[in-house]
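Asker: structure for this input, please:
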Amino acid sequence: MRGRTFAVLLMVIAATVRCGTGFRQGGVPPEGGSGGSDMAGSSGKSGSGGKGGASSDGGSDGNASAGDAPVGGDGGAAASAPSTGAGGESGAGNSAQAGAAGSPAVDTSVHGKVMHEFGGPLPGWQVVIGEKKVITNELGEFTVPDVGETYDLLVAASDDHLRLYQGVTTREPIAVMSLMDGDPGWVVHTAGIAGSVLNTLTPTTFLEVWIHGRLEMTFPATGAPPPEPGSYANVVTWNHDENPAPAEVRGVQLKDNTTWRAGILSRSLAAGVDYSGVNVTLEDLASRTVITTPELAPGVSLTTVVQCLSEHCDSLAPLPMGSSVGDARVEVRGTHLSGTTKTFARPTDDENELTLLLTAPSGLFAPTNAATGVSPGTEFSWQPYADGIHVLKISAAGYLVEVYTSGTSFALADIAAATYGTGTHTWKVLGLGPATSVDDYVGEPAPVPLKSVEYLTESTARSFTPQ
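Answerer: Purely as a prediction, here's the structure:
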């Protein structure tokens, strides 16, 4: 699939997409104010011509000679020359009235950035707005001129990895992209890491290695036996072009569902190096009981309420306080006929009671599960998500198209020349909230800041086969 010519994909973006959120042409910058017109010189006696009246000053943005328009305003016409009788003096031309100051020029460009989820730039990615296509520079930055108030932003690594943001208004968008094999910036780095976890309460300690705020390793892995008491060893892999990379080694432990211990160690990791003696000391954490009352949307069934520190959650544990080790939060989880739903809350230290809404996922309309002969013109449609925006995900092996939208339908043909991958594809719709527009998810740098309350729903995935 990556052999296809990518330039064909991005030559033209469809002028109108479904749901009324199509690519829009760039607007015309507003014009400045007009300069005043010159007043004609008073006439003298007939005879040979005298000197012409003085030329006018244009708008405040610049001076104009006769008949010239200054920047920001239209120049006035030159004064008419008076006539005189023989030997008579020419009549002086009346001075022109100054034109009103022109309005300051409005920058209608979009200045944005494409980053990977670790926080670094992604150079060499394509960005398309309307019919304008640019390439991100070495800092991952781009500028697209003459863009209307509302626009659609397409970010692409290749014709097999696309993301479309519909209905954007911010003039400084930031697209935080997950890398796929073959994307510009994709590399594979590994490093060995081993050491001890000190001051543990039980032999089993969960250890995590984070790079740029993304979890890269959890040890022991799910289903694996616990490590030797106090020791660990594993291999860390990261897939962005940064070497060495800043890492955090985090240890998290929960004893008898009552006592949290945690520790953190910062360490730079270089690819191809085996590190030993990376020791993490755990310390007791303060905690408190938080009473959480779920509020269920129609059709939602409650699964569980858990308290979490980083990636480790427990339904009976108290909520840790004041930890720098990871994200301390309450999660409410549920199910629905259409899929699954979660709500995350990060209460302040003085919040001991929470009421959390568990929202309902979007139901999928078309195409039906296991549909065949799906073409780029086939419309995907779903129920609206009432508490935020939608993310349509269409995926196959080595292929991913994502659409961030407030709408409830989309066809691949809305991205001109786009095609599907090979083999069986899946599609689903995520709900992200609380949010009022796509702008809420295209303006924050990576790692994306955590919010006090977040909704995440996911529809049950469907499969289809392209024609």
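
Asker: check contacts around the residue nearest to residue 444 when sequence neighbours are not counted.
Answerer: Leaving aside its sequence neighbours, residue 444 sits nearest to residue 174 (Cβ to Cβ, 6 or more residues apart in numbering; 6.4 Å). All C-beta atoms are positioned from the backbone trio N, CA, C, and that covers glycine. For residue 174, the contacting residues are 112, 113, 114, 115, 442, 443, 444, 445, 446, by Cβ atoms under 8 Å, 6 or more residues apart in numbering.

Asker: for the fifth one, give me its contacts.
Answerer: It stands for residue 442. Taking Cβ under 8 Å, 6+ apart, we find residue 442 in contact with 153, 165, 168, 170, 173, 174, 175, 404.

Asker: count of neighbours near the nearest residue to it once chain neighbours are set aside?
Answerer: Nearest residue to residue 442 in three dimensions, chain neighbours excluded: residue 173, at 4.6 Å (Cβ to Cβ, 6+ apart). Counted with other Cβ atoms under 10 Å, the neighbours of residue 173 add up to 25.

Asker: for residue 173, give me the pLDDT.
Answerer: We have a pLDDT of 97 for residue 173.

Asker: quick one: contacts for it?
Answerer: 110, 112, 113, 153, 165, 442, 443.

Asker: okay, the residues you listed in CSV with distance to residue 460 next?
Answerer: Formatted as CSV, those follow (distance: Cβ to Cβ, whole Å):
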residue, distance to residue 460
110, 36
112, 34
113, 35
153, 29
165, 25
442, 27
443, 30
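
Asker: show me the two of these that sit farthest apart.
Answerer: Spatially, the most separated pair among the contacts of residue 173 is 113 and 165, at 13.4 Å (Cβ to Cβ).

Asker: the two: who's more crowded?
Answerer: Set side by side, residue 113 and residue 165 show more neighbours around residue 165, with 23 against 20, by other Cβ under 10 Å.

Asker: isn't the more buried one up against residue 404?
Answerer: Yes - here residue 165 reaches residue 404: they are 4.7 Å apart, a contact under Cβ atoms under 8 Å.

Asker: so for these two, which residues contact both of them?
Answerer: 438, 441, 442.

Asker: closest one of those residues to residue 295?
Answerer: Using Cβ to Cβ, the shared contacts of residue 165 and residue 404 come closest to residue 295 at residue 441, 24.0 Å.

Asker: helix, strand, or coil at the residue nearest to the closest one when sequence neighbours are not counted?
Answerer: Nearest residue to residue 441, sequence neighbours excluded (Cβ to Cβ, 6+ apart): residue 404, at 5.9 Å. Here residue 404 is recorded as strand under DSSP: H, G, I helix; E, B strand; the rest coil.

Asker: report the beta-bridge partners for residue 404.
Answerer: Bridge pairing for residue 404 (DSSP bridges) gives the partners residue 165, residue 391.

Asker: can you count the residues close to residue 438?
Answerer: With other Cβ under 10 Å as criterion, residue 438 counts 28.

Asker: just the one 5 residues further on next, same as before
Answerer: For residue 443, the count of nearby residues is 16 (other Cβ under 10 Å).

Asker: OK, contacts around it?
Answerer: Going by Cβ under 8 Å, 6+ apart, residue 443 touches 170, 172, 173, 174.

Asker: I'd say residue 264 and residue 252 touch.
Answerer: No - applying Cβ under 8 Å as the test, residue 264 and residue 252 come out as separate, 9.6 Å apart.

Asker: between these two, which has more neighbouring residues?
Answerer: Higher neighbour count among residue 264 and residue 252: residue 252, with 27 against 20, using other Cβ under 10 Å.

Asker: check which helix or strand covers the more buried one.
Answerer: Under the criterion of DSSP states H and E, residue 252 resides in strand 245-255.

Asker: and that strand, what does it pack onto?
Answerer: strand 186-198, strand 206-211, strand 259-269, strand 280-281, strand 312-314 (3 or more Cβ pairs under 8 Å, 6 or more residues apart in numbering; DSSP states H and E).

Asker: how far does it sit from its chain's centre?
Answerer: How far strand 245-255 lies from its chain's middle: 28 Å, per Cα atoms, centre = their mean, to the nearest Å.

Asker: hmm, residue 346 and residue 452 touching each other?
Answerer: Yes - the criterion here is Cβ under 8 Å, and residue 452 meets it with residue 346 at 5.5 Å.

Asker: compare neighbour counts for the two and give me the winner.
Answerer: Shown here are residue 452 and residue 346; by other Cβ under 10 Å, residue 346 has more neighbours (15 against 11).

Asker: distance of that one relative to residue 454?
Answerer: With distances taken as Cβ to Cβ, to the nearest Å, residue 346 is found 9 Å from residue 454.

Asker: please apply the same query to residue 393.
Answerer: The value you get for residue 393 to residue 454, if Cβ to Cβ is used, is 18 Å.

Asker: quick check: residue 316 touching residue 257?
Answerer: Yes - if you go by Cβ under 8 Å, residue 316 and residue 257 touch, sitting 4.0 Å apart.

Asker: residue 163 is in contact with residue 176, isn't it?
Answerer: No - the pair formed by residue 163 and residue 176 falls short of the contact definition of Cβ under 8 Å, at 9.8 Å.

Asker: before we move on, the earlier item: list the buried residues for the strand holding residue 252?
Answerer: 245, 247, 248, 249, 250, 251, 252, 253, 254 (16 or more other Cβ atoms under 10 Å).

Asker: tell me the one of those residues nearest residue 398?
Answerer: Residue 398 lies nearest to residue 245 out of the buried residues of strand 245-255, by Cβ to Cβ, at 24.8 Å.

Asker: tell me who's in contact with the residue nearest to that closest one when sequence neighbours are not counted.
Answerer: Leaving aside its sequence neighbours, residue 245 sits nearest to residue 211 (Cβ to Cβ, 6+ apart; 5.0 Å). By Cβ under 8 Å, 6+ apart, the contact set of residue 211 is 118, 236, 238, 245, 246, 247, 248, 269.
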